[in-house]
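Visitor: Dropping a prediction and its sequence here:
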Amino acid sequence: MSAVQATGAEVHNAASAAGTPEAELAHKCLYYMVLMREVEDRIERKLFRQGKVLGGVYVGRGQEAIPVGSALVSQPDDVLCPTHRDMAVFFVRGVSARRVLAQYMGRMGGLTRGRDGNMHMGDMTAGVVSLISALAATVPVATGIALGMRYKGINGVAFSYFGDGATSRGDWHEGVNFASVQKLPIVFICNNNQYAYSTPLNLQMACANVADRGPAYKMPAEIVDGNDVLAVYRPRSARRPTRAPAADPTCWNAKPFA
Ligand SMILES: Cc1ncc(C[n+]2csc(CCOP(=O)(O)OP(=O)(O)O)c2C)c(N)n1
Ligand SMILES: [Mg+2]
């Protein structure tokens, strides 16, 4: 059975059979990274070129470790707000490749049941919120989700994903600032691939790293090797923010291609 055909339950069973916890984890990481690559390649190189996907197609080639390593840290009550390089978040949270492919083609079987196409998809039963095309607009939404979870007494954490370019948008700063002032249970995850389209990092921000923005908001921030899925997973599983009242939001600045 190929990665695209297997269900989440099957991969977890196969991972359990792998032996040691380290082997299980490595198996899961590889599985989801390969699955993301396979599905995105089919969307980009087949369906899109055949004219079956409307709009532009964005993929996370070479950046799979970031959504996989981070989403594997998530717990059932957590809510994840992925962006356009994070397809694996859906798979880790149990959404099937079949539904994602149907979504991209605007079909009934997709996550929006044909009402929208392409990557404009979420699944609240899986705790995954749809991205908003205007980049960084999802950041205050994620902050609101973390606030909502605190109000409702839900023991969850919000995961907010964005690129380095998004951190130069006003709504990014508003969302991060509010989360920090309120000490909300949220983790901000930056895929710092050094470019926003063709604009290199040094032409869209004056500090060298996105993590440098953290101290301005009194937010612990660290730089992670975004090429290493276990580096994304391990330190973060220990540092996953706990629930309110005093959960410091954190920022992981994951650098792929470094
Ligand atoms: C507010 C806004 N401006 C412009 C765009 C067009 N756009 C789509 S992807 C992208 C690059 C964003 O760069 P970054 O946040 O670093 O993410 P990356 O694509 O590098 O992962 C841009 C400018 C958009 N979607 N939203
Ligand atoms: Mg970028």
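Guide: Arrived safely, thanks for sending. Ligands and ions are numbered 1, 2, ... in the order given.
Visitor: lowest average confidence, helix or strand, in this structure?
Guide: Counting by mean pLDDT, DSSP states H and E, the weakest-scoring helix or strand in the chain turns out to be helix 8-16, with a mean of 65.
Visitor: CA atoms only: put stretch 57-74 into CSV for me.
Guide: Extracted C-alpha coordinates of stretch 57-74, given in CSV (Å, rounded to 0.1, in the frame of the first residue of the first chain):
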residue,chain,number,x,y,z
VAL,A,57,-0.6,26.0,-6.1
TYR,A,58,1.9,26.4,-3.3
VAL,A,59,3.9,23.5,-1.9
GLY,A,60,6.2,22.8,0.9
ARG,A,61,8.9,21.0,-1.0
GLY,A,62,11.9,20.5,1.3
GLN,A,63,10.0,22.1,4.2
GLU,A,64,8.0,19.0,5.3
ALA,A,65,9.8,18.6,8.6
ILE,A,66,8.2,21.8,10.0
PRO,A,67,4.5,20.8,9.8
VAL,A,68,5.3,17.2,10.6
GLY,A,69,7.6,17.7,13.6
SER,A,70,5.3,20.4,15.1
ALA,A,71,1.9,18.8,14.4
LEU,A,72,3.1,15.5,16.0
VAL,A,73,3.6,17.4,19.2
SER,A,74,-0.1,18.4,19.2
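Visitor: Could I get the buried residue list for that stretch?
Guide: For stretch 57-74, burial by neighbour count (16 or more other Cβ atoms under 10 Å) applies to 57, 59-60, 63-74. Using the backbone N, CA and C atoms, a C-beta is placed for each residue, glycine as well.
Visitor: Let me know the average pLDDT across that stretch.
Guide: For stretch 57-74, mean pLDDT is 95.
Visitor: got a list of what the residue of the stretch 51-200 of the chain found nearest ligand 1 touches?
Guide: Relative to ligand 1, the nearest point of the stretch 51-200 of the chain is Gly163 (2.2 Å; Cβ to the nearest ligand atom). The contact partners of Gly163, by Cβ atoms under 8 Å, 6 or more residues apart in numbering, come to Thr83, His84, Arg85, Leu135, Cys190, Asn191, Asn192, Asn193, Ala196.
Visitor: repeat for Val53
Guide: In this structure, Val53 makes contact with Ile43, Leu47, Tyr104, Met105, Gly117, Asn118, judged by Cβ under 8 Å, 6+ apart.
Visitor: can you pull the pLDDT of it?
Guide: Reported pLDDT for Val53: 96.
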